[in-house]
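Participant: quick one, structure for this:
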Amino acid sequence: MILQNGWYEAEQVQNEGFFKDLPSSKSKERITHFPKMYYTLKDGLIHINVEITMGKYQDQLLRLEDKLETGLYCELVDKILKESYVEYTLLYDTIGNRISIDEVTASDGRLKLMESVYWAYDSLPHMLIAGGTGSGKSYFILTIIEALLHTNAKLFVLDPKNADLADLATVMPNVYYRKEEMLACINRFFGEMMARSEEMKQHPNYQTGQNYAALYLPANFLIFDEYVAFMDMLGRESLEVMSKLKQIVMLGRQAGFFLILACQRPDAKYLADGIRDQFNFRVALGRMSELGYSMMFGSDTQKQFFLKPIKGRGYVDVGTSVISEFYTPLVPKEHDFLGAIGQLATKMQAEPVADEVQATGSG
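Facilitator: Below is the predicted model of the structure:
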């Protein structure tokens, strides 16, 4: 790559002929400067370090991601500019890092979605999911719900189209699909966030800068499918809803209140930059137009997007502004979401009662 692009410096030197007392017409190239590049392979990741010396090829060496991705058939997962070099981290055999639903785990404020992909919701809150019919979006959301129910998190689910997620109302609480109920749920979620923010400051163990987890409080998630369709349904009332959602994305991190918004395409009308930029984890699944990708990841992205006919495939930005290929967790055909989620929800509802009984007995 370096040789073919001419990213090195050289000089022409004369070859000495057989008769050293006669001038030679032959010359050869001698390299005087060659950029230093090092690579290591560790845990399925390729780390490429490139020295930056402010030479005339610095601009090219600072923007190698496209060449590395297409030339090595890898996906860039991180790019860090350090004191005297830039480090490119690439993942090869991306589909080989796909995991199954039983491997999706949530702990310490992180949700594992691939072998090398996590949603660190404690530090990089709020998730935006885009994907049309057949993209695998519904199964992905159900997978997230099932994984979060293994924790002590409190979930609120909104499905304005009364589709797959609305069926969860038969097995778990706080699932809504009617307009009035959904508006009330958003108001409740917002109100509980504001109340917790005040209560945390009054807690005897509270210290400035601490988040909800330091005080052993549960996380709260508002999972909103077909968000854009719901906002279209509201009309003028959408302004009030957007105002509350904007405050949630701005203030929710410390109190432990997180949004997961899903839509077919993140229309700027209801996801203006002030809101959309606060969604650190973004997933685009299935076939999307160039406009759709620019809405998801920003119009200035240089990423080359390719379509592969694999359900659950797409692209992700985990909050580092690096866009990588992504595969949703595999769900076996025989997996029963309603049954599994129902068991987890019942167990969650029973645990506080058990604790209360135990406390009363010990008293």
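Participant: what about the helices in the stretch 51-200 of the chain?
Facilitator: Under the criterion DSSP state H, counting those that start in this stretch, helices of the stretch 51-200 of the chain are mapped to 58-61, 65-72, 137-148, 179-202.
Participant: give me the buried positions along the first one.
Facilitator: The reference is to helix 58-61. The neighbour-count check on helix 58-61 (16 or more other C-beta atoms under 10 Å) flags residue 61 as buried. For the C-beta atoms, the positions are set from N, CA and C on the backbone; glycine is no exception.
Participant: what comes up buried for stretch 250-262?
Facilitator: Applying 16+ other C-beta under 10 Å to stretch 250-262 flags 252-262 as buried.
Participant: which of those residues fall in strands?
Facilitator: 257-262 (DSSP state E).
Participant: which of the residues you listed sits closest to residue 157?
Facilitator: residue 260 (9.4 Å; C-beta to C-beta).
Participant: contact partners for residue 166?
Facilitator: With contact taken as C-beta atoms under 8 Å, 6 or more residues apart in numbering, residue 166 is in contact with 159, 175, 177.
Participant: which pLDDT value belongs to residue 142?
Facilitator: Listed pLDDT for residue 142 reads 97.
Participant: can you get me a residue count around the residue lying closest to it once chain neighbours are set aside?
Facilitator: Closest residue to residue 142 apart from its sequence neighbours, by C-beta to C-beta, 6 or more residues apart in numbering: residue 337 at 4.8 Å. Number of residues near residue 337 (other C-beta atoms under 10 Å) recorded here: 20.
Participant: these two touch, right, residue 337 and residue 146?
Facilitator: Yes. Taking C-beta atoms under 8 Å as the definition, residue 337 is a contact partner of residue 146 at 6.7 Å.
Participant: roughly how far is stretch 52-63 from the heart of the chain?
Facilitator: Distance of stretch 52-63 from the chain centroid (C-alpha atoms, centre = their mean, to the nearest Å) equals 29 Å.
Participant: again, but for stretch 47-56
Facilitator: Counting by C-alpha atoms, centre = their mean, stretch 47-56 comes out at 28 Å from the chain centroid.
Participant: if we can go back for a sec, residue 328: which of the contacts of residue 166 is nearest?
Facilitator: residue 159 (18.7 Å).
Participant: let me see the contact set for the closest one.
Facilitator: Counting by C-beta under 8 Å, 6+ apart, residue 159 touches 165-166, 175-177, 225-226.
Participant: and for residue 37?
Facilitator: Contacts of residue 37 (C-beta under 8 Å, 6+ apart): 2, 48-51.
Participant: reformat the residues you listed as CSV; add pLDDT and secondary structure.
Facilitator: Converted to CSV, these look like this (pLDDT from 0 to 100; DSSP: H, G, I helix; E, B strand; the rest coil):
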residue, pLDDT, secondary structure
2, 89, helix
48, 95, strand
49, 95, strand
50, 95, strand
51, 92, strand
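Participant: out of the residues you listed, which end up buried?
Facilitator: By 16+ other C-beta under 10 Å, the contacts of residue 37 give 48-50 as buried.
Participant: tell me the phi and psi of residue 14?
Facilitator: phi -80, psi 140 (degrees, to the nearest 10).
Participant: and the buried ones among the contacts of residue 37 as a markdown table, adding distance to residue 140?
Facilitator: Output for those, formatted as a markdown table (distance: C-beta to C-beta, whole Å):
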| residue | distance to residue 140 |
| --- | --- |
| 48 | 31 |
| 49 | 34 |
| 50 | 35 |
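Participant: closest one to residue 284 out of those, please.
Facilitator: Nearest member of these to residue 284, counting by C-beta to C-beta, is residue 48, at 25.9 Å.
Participant: the closest one contacts residue 39, doesn't it?
Facilitator: Yes. In this structure, residue 48 is within contact of residue 39 by C-beta under 8 Å, at 4.7 Å.
Participant: got any ranges where this structure has weak pLDDT?
Facilitator: For the chain, the stretches flagged by pLDDT under 70 are 16-25, 272-274, 352-363.
Participant: domains of the protein?
Facilitator: By the assignment in automatic domain parsing, the chain contains the domains 2-8+32-92, 100-353.
Participant: how near is residue 73 to residue 95?
Facilitator: 12 Å (C-beta to C-beta, to the nearest Å).
Participant: and what of residue 233?
Facilitator: Residue 233 is 38 Å from residue 95, by C-beta to C-beta.
Participant: between the two, which is the more surrounded one?
Facilitator: residue 233 (14 against 11).
Participant: against which helices or strands is the helix or strand that one falls within packed?
Facilitator: Using DSSP states H and E, residue 233 maps to helix 227-234. Counting by 3 or more C-beta pairs under 8 Å, 6 or more residues apart in numbering; DSSP states H and E, the packing neighbours recorded for helix 227-234 are helix 179-202, helix 238-255, strand 257-263.
Participant: figure out how far that helix is from the centre of its chain.
Facilitator: With C-alpha atoms, centre = their mean, you get 24 Å for helix 227-234.
Participant: now it and strand 257-263, what's the angle there?
Facilitator: With axes from the mean of the first three to the mean of the last three C-alpha atoms, to 10 degrees applied, the angle from helix 227-234 to strand 257-263 works out at 90 degrees.
Participant: dump helix 227-234 to CSV, restricted to CA.
Facilitator: Extracted C-alpha coordinates of helix 227-234, given in CSV (Å, rounded to 0.1, in the frame of the first residue of the first chain):
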residue,chain,number,x,y,z
TYR,A,227,-41.4,6.4,17.2
VAL,A,228,-41.8,8.5,14.1
ALA,A,229,-45.2,6.9,13.3
PHE,A,230,-46.4,7.8,16.8
MET,A,231,-45.2,11.4,16.5
ASP,A,232,-47.1,11.7,13.1
MET,A,233,-50.2,10.4,14.9
LEU,A,234,-49.9,13.1,17.6
